[in-house]
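**Q** take a look and give me a structure for this.
(one chain, ligands or ions: 1)
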Amino acid sequence: MKLLNYFIFTFITVAILYSCDTSTNYNVVEVIARDFNFEVVDEIQSGWTTFQFENFGHTEHFFLLNLLPDTISFETYHNEVTRPFDIVFDSLKAGKSKAEAIGMLIEMIPGWYFTSVKQMGGTGIIGVGKTTQVTLKLAPGTYVMECYIKEQGVFHTALGMIRPITVREEVSDLEPPKADMVITLTNYKIETKGEVRTGKNTIAVHFKEHPEVGLGNDVHLIRMNDKTDIDDVIFWLDWMNIKGLESPAPVEFLGGTQEMPIGYTSYFIVDLDPGNYAWISESSAAKGMVKMFNVK
Ligand SMILES: [Cu+2]
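**A** Next up, the predicted model:
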């Protein structure tokens, strides 16, 4: 009987230890998007990290990570960078031109934002109920996680989809994944090497060039149907249009990646059915950064 107890005790101990051992998944960080906040741990390791992003909301969401300089707090960023965008968008709604709005932004946003805040990637936009994965290499520091889709003319950042996340000195042991396709982003082209197929595909995105001013080059995946007008999607991706980035989107968004500095690579996974798709950039879709393709 003692031996049986010993085996039961050992079995339970091993089972408990195994269930507590999250080391194999330690570098996978779950991010849940709700209307309107992010559920995610406060601190993660540096180095390569995979973010599993799940949209539990009733509208499109994404996340972008901004690395803050050491001297700038999350609150300062929120007050001095995010809030001016709300004011400027209100002025667009009130009839100001895009040129006037850009002038306002340059006047209101402090110089340190343009010189010292780095966009360090994130997920592309995903629709309701969708999940995506993005793998990024992050240096230690304080990051701002944000989503600026709009709900009834208000950015999600203003509704609560903005929060700090700390990346620690401790480095993860995750290796970057092997890619099925490589996308290179330049001004203003989406170049692809390799092919995507039905099922799961890992896409590497290499950031080779960015526009001198404004948003950096990023890439999103859309699934098109017979009713999709690509010009509607291009119009929708410009936040300065009153109905731009306002949910619901005119097309299904399946992920992608936000901008990173030149020389960086971001990885994401897409799960494809046969159909018609396009890679499209938020920053420069109107300048030709759209690439349609078909999956058989
Ligand atoms: Cu959102």
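
**Q** and the residue of the stretch 151-296 of the chain found nearest the ion, what does it touch?
**A** Using Cβ to the ion, the closest approach of the stretch 151-296 of the chain to the ion is made by residue 156 at 3.5 Å. Where you see a C-beta, it was placed from the backbone N, CA and C, and this is true even at glycine. Residues in contact with residue 156 (Cβ atoms under 8 Å, 6 or more residues apart in numbering) are 36, 61, 146, 147, 148, 149, 150.

**Q** what do you get if the cut-off is 10 Å, keeping everything else the same?
**A** 33, 35-38, 57, 59-62, 146-150, 162, 245, 247 (Cβ atoms under 10 Å, 6 or more residues apart in numbering).

**Q** just give the number of residues close to residue 193.
**A** Number of residues near residue 193 (other Cβ atoms under 10 Å) recorded here: 11.

**Q** oh, I was asking about residue 191
**A** Other residues close to residue 191 by other Cβ under 10 Å number 13.

**Q** who does it bridge with?
**A** Here residue 191 sits in beta bridges with residue 184, going by DSSP bridges.

**Q** cool, residue 48 as well?
**A** residue 137.

**Q** where does it land on pLDDT?
**A** Note on residue 48: pLDDT of 96.

**Q** what of residue 227?
**A** With respect to pLDDT, residue 227 scores 93.

**Q** can you tell me the closest non-neighbouring residue to residue 80?
**A** Spatially, and ignoring its direct neighbours in sequence, residue 80 is nearest to residue 110 (5.4 Å; Cβ to Cβ, 6 or more residues apart in numbering).

**Q** next up, phi/psi of the residue of the stretch 151-296 of the chain closest to the ion, please.
**A** Per-residue torsions, residue 156: phi -60, psi -30 (degrees, to the nearest 10).

**Q** cool, residue 241 as well?
**A** For residue 241, the backbone dihedrals are phi -80, psi 140 (criterion: degrees, to the nearest 10).

**Q** show me the contacts for it.
**A** Residues near residue 241 by Cβ under 10 Å, 6+ apart: 92, 98, 234, 235.

**Q** ok, which residues in the stretch 151-296 of the chain are in contact with the ion?
**A** Contact residues (Cβ under 5 Å from the ion) of the stretch 151-296 of the chain with the ion: 156, 161.

**Q** show me where the stretch 1-150 of the chain dips below the pLDDT cut-off.
**A** Applying pLDDT under 70 to the stretch 1-150 of the chain flags the ranges 1-26.

**Q** in it, which spans are helices?
**A** Here the stretch 1-150 of the chain has its helices, by DSSP state H, counting those that start in this stretch, at 2-20, 74-77, 83-93, 98-108, 111-116.

**Q** mind checking how far the residue nearest to residue 33 when sequence neighbours are not counted is from residue 157?
**A** Leaving aside its sequence neighbours, residue 33 sits nearest to residue 61 (Cβ to Cβ, 6+ apart; 3.9 Å). From residue 61 across to residue 157, the span is 12 Å (Cβ to Cβ, to the nearest Å).

**Q** of these two, who's got more company?
**A** residue 61 (29 against 23).

**Q** for that one, give me its contacts.
**A** Residue 61 neighbours (Cβ under 10 Å, 6+ apart): 31-36, 38, 53-55, 123, 125-128, 130, 147, 149, 156, 161, 247, 253.

**Q** show me those that map onto strands.
**A** 31, 32, 33, 34, 38, 53, 54, 55, 253 (DSSP state E).

**Q** looks like the third one contacts residue 52 (just checking).
**A** In this case it means residue 33. No: counting by Cβ atoms under 10 Å, residue 33 stays clear of residue 52, with 11.4 Å between them.

**Q** quick check: neighbours shared by residue 61 and residue 157?
**A** Residues within reach of residue 61 and of residue 157 at once, by Cβ under 10 Å, 6+ apart, are 36, 147, 149.
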